[in-house]
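Engineer: Got a sequence here, can you model it:
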Amino acid sequence: MSKERDATTNIAAEKASIRPWLRLPRVMSEFFDEPMPKGVGWPHVFGSTLLALIALQVVTGVLLSLNYSASTSTAWESVRYIQDRVVFGGIVRGMHHWAASASIIVAALHLGRVFLFAAYRSPRRWTWVVGVLLLFVLLGFGLTGYLLPWDLKAYFGTKVATEIPGSLPVIGPYLLQIVRGGMAVGPFTLTRFYSAHVIVLPALLALLLIVHLYLVRKHGITAPWTRTGEAGRSERSFFPFQALKDSVAIFVALMVVLVVAALIGAPLEAKADPTNSTYVPRPDWYFLGLQHLLRIFQGKWQILGTAFIPGVAAVLLLAWPWLDRNNERRVRSRPVALTLGAVCAAMVLGMTIAGYAAVRDEERRMADLRVVPSSSAQQPEESAPISSADLVRDGERLYVAMKCDSCHGPEREESLPGLPPDLGYAGSKLREGWMRTYLLEPHPIRYRSDGVRPMLRMPDYRLSDVEAGALAAFLTTRTDVARFAPVVAEQGSSPDQIAEGRRLFSNYQCLGCHVLESEGSRIGPDLTHVGARLTVGYLDMFLREPEAVIPGTSMKNFGLWEEERAALVAFLQSRE
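Structural biologist: Model (predicted):
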């Protein structure tokens, strides 16, 4: 009791020494005269600073919304209008952009200070949990606001980010459609992200802030370097002593944001173009570590990087107050907890740096590959012709640069209508001339049974003649001789054999599934010009054993004799 009486006397003496013009009105003093334990000082300014940055985000966000249009056809233009035409629009957008990064940094520092001081122990466990949830909400603001400018960085960064929930087993495809509003990033994705950014997340943020501040006020500031349950000695009140430190920190943070916004501004790249195959997706810096996890864990291990590791980290972070049972708060008494915290912080920082380095390296590599291949440069008429080896090499470079395997890799199931085919054996399936023509002017090949084109289709990359020829030459070298040996000669189909193939085509009622010269059904591929597209070896193997070529195909195995297959192949080959 004597210690508490002495503390009260000390606080009263400190307040009496304050100049009259610095004293608060009686109504406000009841709230701001909270006694501060000994040791509270500059490390405790991050909470108030974060509140100020959030307030800045709210104000600048409201100002931006007055001129923003949440539509894929006008979003980029409205952001450009804000930057170039609205008075101080560029500075307001810059402050909103950089305050978002500052909020993440300050929130992380605040979390680190609470961890270092062990201020998460009982009775403040739920204060920690609500604080961690606030950090997750701030990251949600970063993710949803990322798409709103609708530029290249926003589009491709969001495309990668939304594929993370889509990679989850069983529920992944449903989550992807919920998040995107469809299978692809588009108008509904922008609408949903905007709604989450300005309605859902602000409401959640306000609720969590109220709960967090209530818990902080209820339990008070943790006395540094004490045991759990031990009350520290109060020396000063919050105002004006700690309030002055908080005010200085807030002023510095806001000035830094203002200066950076004025000097650098917020980035705005070219308008989103889904057909751009050379752009390197990169999120904002606070998601670079997660993106790098996707590079480390690929294929069947991808779920480790997309769900398991981030999920375990989030659960451990939320449950930490219950996992750490040490009653001490002094640094020397907590070697295990502090070492584990330092290792985790180093890993997060290291993954972020590694992610940044990987993005920069990929951008440099893409810049080199984006240069027109050496063989496609304009050459004088008297120059030597391009060798086939050079053409194949240039085609391979283009194939890698355009990331063709992301849609046409071996993981694709050709049996699913509308999905891009596997090009691992393109040379055994497709004719080089057809590939070159198709690359110059892509068009839908496979339609659904209702006659509507599939959602996924080949974009027009506006390749030059030489680039299309180089890609076709490279794809021709990708063969699977073991499966698609050219057992039927490419030449030498007699008129009688073609006529017999036509009769068989009619007898087996192939028009019930296929279109030929505008007749038939669109259940299967259009066979009008199939001879110009598919090789003889592929046609023969497919008629011999359809399931072996396309697992799960609806094509029936008719058990054709060799002569019948040869006749049907000859007829189909004639359809050029």
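Engineer: wait, Arg334 sits on Arg325?
Structural biologist: No - counting by C-beta atoms under 8 Å, Arg334 sits too far from Arg325 to count as a contact (11.1 Å). C-betas here are computed from N, CA, C, even on glycine.
Engineer: Comparing the two, which residue is more hemmed in?
Structural biologist: Applying other C-beta atoms under 10 Å to Arg334 and Arg325 shows that Arg334 carries more neighbours, namely 19 against 9.
Engineer: Report the contact partners of that one.
Structural biologist: Applying C-beta atoms under 8 Å, 6 or more residues apart in numbering to Arg334 gives the contacts 118, 326, 328.
Engineer: tell me which element Met36 falls in.
Structural biologist: Following DSSP states H and E, the helix or strand that holds Met36 is strand 35-37.
Engineer: which parts of the helix or strand following that strand are buried?
Structural biologist: Proceeding N to C from strand 35-37, the next assigned helix or strand is helix 46-65, under DSSP H and E. Going by neighbour count (16 or more other C-beta atoms under 10 Å), the buried part of helix 46-65 is 46-54, 56-57, 60-61, 63-64.
Engineer: just stretch 129-145 next, same as before
Structural biologist: Those buried within stretch 129-145 under the rule 16+ other C-beta under 10 Å are 129-135, 137-145.
Engineer: from those, which is closest to Leu423?
Structural biologist: The shortest approach to Leu423 among those belongs to Leu143, at 32.9 Å (C-beta to C-beta).
Engineer: What ranges in the stretch 351-500 of the chain fall below the confidence cut-off?
Structural biologist: Flagging of the stretch 351-500 of the chain using pLDDT under 70 yields the residue ranges 366-387, 410-419, 444-457, 485-493.
Engineer: Do a quick rundown of the helices in it.
Structural biologist: Secondary structure of the stretch 351-500 of the chain by DSSP state H, counting those that start in this stretch: the helices cover 388-401, 405-408, 426-429, 432-440, 465-476, 495-507.
Engineer: residue nearest the centroid of the chain?
Structural biologist: Closest to where the C-alpha atoms of the chain average out (C-alpha atoms, centre = their mean) is Ala161, at 1.9 Å.
Engineer: Give me the contact list for stretch 268-284.
Structural biologist: For stretch 268-284, with C-beta under 8 Å, 6+ apart as the criterion, the contacting residues are 72, 76, 79-80, 83, 100-101, 142, 146, 149-157, 159-161, 184-185, 288, 290-291, 359, 362-363, 366, 369-370, 401-403, 459-461.
Engineer: From Glu362, how far off is Met255?
Structural biologist: 35 Å (C-beta to C-beta, to the nearest Å).
Engineer: Compare those two (neighbour count), which wins?
Structural biologist: Between Met255 and Glu362, counted using other C-beta under 10 Å, the more crowded position is Glu362 (14 against 10).
Engineer: now the closest residue to the more buried one other than its chain neighbours: how far from Val137?
Structural biologist: What sits nearest to Glu362 in space, not counting adjacent residues and going by C-beta to C-beta, 6 or more residues apart in numbering, is Val280, at 4.9 Å. Distance of Val280 to Val137, given as C-beta to C-beta: 29 Å.
Engineer: Ala319 now?
Structural biologist: Distance from Ala319 to Val137, by C-beta to C-beta: 19 Å.
Engineer: what's the answer for Val211, then?
Structural biologist: Distance from Val211 to Val137, by C-beta to C-beta: 12 Å.
Engineer: Likewise for Gly512?
Structural biologist: Relative to Val137, and taking C-beta to C-beta, Gly512 is found at 56 Å.
Engineer: what's the answer for Lys556, then?
Structural biologist: 55 Å.
Engineer: do Arg180 as well
Structural biologist: Distance from Arg180 to Val137, by C-beta to C-beta: 21 Å.
Engineer: among the contacts of Arg334, who's most crowded?
Structural biologist: Ala118 (26 neighbours).
Engineer: Spit out the contact partners of that residue.
Structural biologist: Applying C-beta under 8 Å, 6+ apart, the residues near Ala118 are 222, 228, 324, 326, 328-329, 334, 337.
Engineer: Make sure the residue nearest to Glu362 is indeed in a strand.
Structural biologist: No - with DSSP: H, G, I helix; E, B strand; the rest coil as the criterion, Val280 is coil rather than part of a strand.
Engineer: Could you give the number of residues near it?
Structural biologist: Neighbour count of Val280, defined by other C-beta under 10 Å: 18.
Engineer: likewise Cys513?
Structural biologist: 17.
Engineer: Quick check: it touching Ile523?
Structural biologist: Yes - counting by C-beta under 8 Å, Cys513 sits close enough to Ile523 to count as a contact (4.3 Å).
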